[in-house]
Every structure is written in structure tokens, then in C-alpha cells.
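A.B. asks: Requesting a structural model of the entry that follows:
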Amino acid sequence: MENQQIEKKETAISVFQNQLGKYEKAVSDLLGNKYGISPQEFMVKVVNAVKKSPDLLKCSPQSLFGSILYFAEIGLPFNTPEGFGYILPYSLKGQMEATPIIGYKGLIEMAYRNTKVKSIRIQSVYENDLFDYEYGTQEYIKHKPASVNRGNLVAVYSIAQIEGINPLFVVVHKSELDKIQKLSKSGGSQYSPYNNGTDVFNIMQSKVAIKLLFKTLPKTDNDALLKVLEMDNKFDYDKNVKITATEDGYEIVDA
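C.D. replies: Residues are numbered from 1 along each chain as shown. Sure, this is the predicted structure:
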């Protein structure tokens with residue numbers, strides 16, 4: 001029985017690799033050599049990611065390959081230990097559909113492609129930490145983490161140092177984070193970092209702060225990042241949107 005399951009899995013992977021080969025030119029055209037990863041390296045990472053997440057093969061092929069092409073366009077691997085992004089399976093009207101969700105590390109990676117971005121920091125605030133901040137004309141943020149027994153999470157924040165402007169920061173409190181998780185498709189998915197046991201460092205909550213912070217970035221030299229922010233909101237919060245592969249890329253469909 002176990003051998004049959006292994007053979008079935010290997011057959012499914014082999015079929016997937018054959019299908020993936022049909023999109024090799026599209027991946028090469030979308031990715032190019034802009035991001036320090038060659039199309040060949042990207043394709044290897046794709047196969048390895050699917051081997052580690054075989055439930056993706058239960059998704060419609062059009063949504064899975066559309067998600068892969070989306071990650072090729074933004075130049076990031078998915079479902080890897082780096083946590084740049086994820087392709088997650090969701091049930092949409094009885095059909096399993098793959099959906100690309102970018103991780104906060106992916107957003108930071110994209111932000112650093114702009115040479116004016118000098119540093120980006122994220123931190124979690126717990127109830128026993130010393131923490132104070134103020135928005136306005138004299139903005140500041142002060143945070144001294146408790147050395148032991150920090151207590152429960154109360155907020156997350158993100159700070160960006162950008163050439164030519166004062167530091168930017170955003171604070172998001174736990175009550176707001178909980179509301180956002182309930183609205184998110186990934187908030188209820190067993191495959192997402194919210195629920196699969198990997199979110200020990202509040203990575204999904206930190207992503208909320210990163211996204212809110214990045215909305216305040218200047219549009220100049222940040223076009224690709226701002227597009228990804230818009231797309232990520234569409235994928236994660238619009239219940240009826242799905243991605244589908246085309247011959248030379250992908251398109252977004254309202255199901």
C-alpha cells in the first residue's frame with residue numbers, strides 16, 4: 001500500500017514536470033535575469049517546492065501554473081525555507097484553486113531592490129515590554145523588550161529608513177491584527193503560516209505592518225512593489241478571485 005502511494009506521488013510529480021516544461025519560455029520571458037536567479041534555477045525551485053507541498057497538485061492546473069508564472073514575474077521562489085512567498089490551495093466553489101500569497105520577507109526583498117531603501121525593521125511588542133510611540137509632527141517610537149516572560153503579543157510595528165526622507169513607521173495593535181486575520185483567506189487555511197505551526201515569530205502579523213508601511217512609500221522606483229501589494233490584497237481578501245495561466249503569462253479572473 002505504501003509503495004503504491006509513493007508510485008502515485010512520483011507519477012503525479014512526473015506529469016507536473018512535463019506540464020511545467022510547456023511554460024519554460026513564459027517563465028524565461030517573465031523572469032529574465034533581473035533578480036539574480038536564472039530561469040533554470042527558478043524551475044528547479046518550483047519542482048522542489050511542489051515535491052514538498054504535493055497537495056498543490058490537487059489544485060486546478062491553470063491556477064497552479066498561473067501562480068507559478070506570477071512568482072516568476074516578481075522574481076521570487078515560493079514554499080521555500082526563506083519564506084518569500086507561498087502558493088496555497090483553497091476550495092472555491094468545490095474546486096481546489098492555487099493562490100499565490102507573498103510573505104513579508106518577499107515584500108522586504110522587493111523593497112530592497114530600490115537602492116534608496118536603506119533598512120527595514122519589524123518587531124513584535126509583548127505586554128511586559130516597555131513600549132511607547134506617537135504619530136504627528138514629532139513622531140517617535142521607543143521599544144525596550146522585556147528580558148524574560150514578555151507575556152502575550154499586543155502589537156507589531158515596522159520601520160523603514162529611506163534616503164532623503166525621515167524614518168517611516170507603522171504600529172498595528174493585536175485587535176486590528178485579529179480583525180485582518182478573519183478577513184484573510186489565509187487566516188483560515190490549514191496550509192498557511194497562520195495555522196501550520198510555522199508562525200512562531202508572528203510572521204503573518206508582521207506582514208500586516210509591512211504592507212501598511214509600504215503603502216506610504218513614494219511611488220517613484222516602487223512601481224513593482226506597489227503592484228504586488230495590490231495583487232496580494234486581491235488574492236488574499238477577495239473570496240471570488242482566482243489566477244489562471246495563459247500561453248505567455250497569467251490573468252486574474254473573477255469566479
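A.B. asks: Residue 124 should be in a strand, yeah?
C.D. replies: Yes. Under DSSP: H, G, I helix; E, B strand; the rest coil, residue 124 falls within a strand.
A.B. asks: Residues contacting stretch 70-85, please?
C.D. replies: If you take CB atoms under 8 Å, 6 or more residues apart in numbering as the criterion, stretch 70-85 is touched by 26-27, 30-31, 34-37, 39, 42, 45-46, 48-50, 52-53, 56, 67-68, 86-87, 100-106, 109-110, 193, 203, 224, 228, 231, 243, 249-250. For glycine as for every other residue, the C-beta is placed from the backbone atoms N, C-alpha and C.
A.B. asks: Out of the residues you listed, list just those in helices.
C.D. replies: Judged by DSSP state H, helices contain the following of the contacts of stretch 70-85: 26-27, 30-31, 39, 42, 45-46, 48-50, 52, 67-68, 104-106, 109-110, 203, 224, 228, 231.
A.B. asks: follow-up on the earlier one: from the contacts of stretch 70-85, list the buried ones, please.
C.D. replies: Using 16 or more other CB atoms under 10 Å as the burial test, the contacts of stretch 70-85 include 26-27, 30-31, 39, 42, 45-46, 49-50, 53, 56, 67-68, 86-87, 100-106, 109-110, 193, 203, 224, 228, 231, 243, 249-250 as buried.
A.B. asks: got the contact list for the closest residue in space to residue 173 that isn't next to it in sequence?
C.D. replies: Counting by CB to CB, 6 or more residues apart in numbering, residue 173 lies nearest to residue 155, which is 4.7 Å off, once chain neighbours are set aside. By CB under 8 Å, 6+ apart, the contact list for residue 155 reads 124, 125, 131, 171, 172, 173, 174.
A.B. asks: repeat that with 6 Å
C.D. replies: Shown in contact with residue 155 (CB atoms under 6 Å, 6 or more residues apart in numbering): 125, 171, 173.
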